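# what follows is a predicted structure for the sequence shown.
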Amino acid sequence: MKKKFYKMHGIGNDYVYFDAFDGMPEDPSGIAVKLSDRHTSVGGDGVIFVARSDVADGFMRIFNLDGSEGKMCGNGIRCVGKFLYEIKGIKKDVLEVETLSGVKTLALDIKNGKVVSVRVDMGKAVRLSSHFLHNNIARQFCVSYGAVRLVRMPCPVVQVKTEESDGYTALKLGFQKLGDEKKAEQKLN
């Protein structure tokens with residue numbers, strides 16, 4: 001069966017998007033694994049299904065390239081805002097999108113009928129304990145830069161303070177599985 005898809009990215013974080021308003025496919029994890037391969041398929045960081053929601057303008061279901069389901073992706077949800085406005089025709093400059101980490105509010109900047117940028121209320125950053133600093137890359141940043149903090153927004157994010165910035169710079173680092181620890185805090189998206 002052929003199904004139309006869209007390829008979008010937010011700051012290079014690229015996903016394959018499907019309209020799932022008529023229902024989710026039977027094996028979304030398998031689809032994500034198959035389509036995310038950059039050598040044999042479309043390629044991407046995963047697949048996002050934009051589905052109906054009973055409480056918001058749409059429901060974002062995100063499946064990572066390994067097939068695991070993520071709770072939320074800031075760059076991905078910004079593209080969902082564009083998808084809902086331009087593809088699904090939900091012509092509102094403020095949208096609500098349901099995710100597995102709650103409903104997020106998106107503010108769309110629209111020029112000439114096209115979405116040019118999207119801001120997302122990700123909620124308040126919550127500091128995580130240092131036991132999440134088990135990724136070798138994150139340890140390397142600790143040694144190299146010194147000031148590192150871990151926050152959840154709502155996904156775990158490593159922030160590094162550098163001389164070049166006035167504050168902290170967020171880095172996306174994949175977690176290596178440590179025991180089960182809630183599946184390494186549901187993996188980093």
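Structure's in. What do you need? Numbering: from 1, shown residues only.
# okay, CA-based contacts and neighbour counts for the rest of this
Fine.
# from T40, how far out is the closest residue to L95 other than its chain neighbours?
Among residues not flanking L95 along the chain, L106 sits closest, at 5.1 Å (CA to CA, 6 or more residues apart in numbering). Here the criterion is CA to CA, to the nearest Å. By it, L106 lies 34 Å from T40.
# now swap in V115 and tell me
31 Å.
# so what sits opposite the residue nearest to L95 in the bridge?
Residues in a beta bridge with L106, per DSSP bridges, are L95, V120.
# that one: neighbouring residues, count only.
22 (other CA atoms under 10 Å).
# repeat for D93
Neighbour count for D93, taken as other CA under 10 Å: 14.
# circling back to that earlier point, quick one, which of V115 and T40 is more surrounded?
V115 (18 against 9).
# the helices in the protein, which residues?
Shown for the chain, the helices assigned by DSSP state H span residues 28-36, 74-82, 136-145, 181-186.
# lowest-confidence stretch among those helices?
Ranked by mean pLDDT, these bottom out at helix 181-186, with a mean of 41.
# low-confidence regions, the chain specifically.
1, 125-189 (pLDDT under 70).
# what segments of it are strands?
Using DSSP state E, the strands of the chain run over 6-10, 13-20, 46-51, 58-64, 69-70, 94-99, 102-111, 114-121, 126-127, 148-152, 156-161, 168-171.
# please identify the most buried of these.
Most buried of the strands of the chain by mean neighbour count (mean count of other CA atoms under 10 Å) is strand 46-51; its value is a mean of 27.
# how much space separates M24 from T99?
Per CA to CA, M24 is found 15 Å from T99.
# one more: F83?
Plainly put, F83 is 15 Å away from T99 if you go by CA to CA.
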